[in-house]
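Asker: Next one to model:
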Amino acid sequence: MVQQSTARYRFHKRFRVSADEAYGWLTDFQANDLELMGGEGRREVRRLTPDVYLLVDHVRRGGKEVLKEKLVHLYPEDRAWISTYVGGPTNRSQFLYQVEPAGRNRSRFTFTGLQMEQGRRALKGVPLARYARRLRDEDSATWTRLTWTLHRELARSRRAKRR
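Answerer: Predicted coordinates for the structure are as follows:
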């Protein structure tokens, strides 16, 4: 049997927009999403049903193209979505995203990661804990960039509506 490990981690972000605005913007999947996250590559967005998407990311890592396929289930009533990797190096990893109201035109974002590693990449004990912290820090930095972009784009949209 192939050795496996699971790195679990969580972080939060604060948004200066309503929970509904943030959820709408974050789940409006587009081909340029990887660029907004500070990465290189391209994304294919396939809407399978009104609340299920298949996202196929072609990313550059170490000079090679890596294919990542994610099945994304939306839960609009909870302002949440779950992304499950269905292919690629972290197959079966899951990520839970949720946006909650935190006052007028404010919201709180929670990211929960469960990254599966298999074979030689499987870790245990202290190395696994270190790896989970590194993943948390990397993903948190990506979401900090997305937070700035979300604020900028929604502020632009509001200004345009006032005109």
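
Asker: Centre of the chain to the lowest-mean-pLDDT helix or strand in the chain, how far?
Answerer: None of the helices or strands of the chain scores lower by mean pLDDT, DSSP states H and E than helix 33-36, at a mean of 82. Averaged C-alpha coordinates place helix 33-36 at 11 Å from its chain's average position (CA atoms, centre = their mean, to the nearest Å).

Asker: what packs against it?
Answerer: In terms of contacts (3 or more CB pairs under 8 Å, 6 or more residues apart in numbering; DSSP states H and E), helix 33-36 is packed against strand 41-49, strand 52-61, helix 125-162. No exception for glycine: its C-beta is placed from N, CA and C like everyone else's.

Asker: which one of these lies closest to Ser5?
Answerer: Closest approach to Ser5 among the helices and strands packed on helix 33-36 (CB to CB): helix 125-162, 5.6 Å.

Asker: In the closest one, which residues are buried?
Answerer: Leu128, Tyr131, Ala132, Leu135, Arg136, Asp139, Trp143, Leu146, Thr147, Leu150, Leu154 (16 or more other CB atoms under 10 Å).

Asker: ok, for the third one, nearest residue in space, not its chain neighbours?
Answerer: Meaning Ala132. Distance criterion CB to CB, 6 or more residues apart in numbering; nearest residue to Ala132, sequence neighbours excluded, is Ala7 at 4.0 Å.

Asker: if we can go back for a sec, and of the helices and strands packed on helix 33-36, who's closest to Asp20?
Answerer: helix 125-162 (11.2 Å).

Asker: Just list what that closest one packs against, helices and strands only.
Answerer: Helix 125-162 packs on strand 4-15, helix 19-26, helix 33-36, strand 107-118, going by 3+ CB pairs under 8 Å, 6+ apart.
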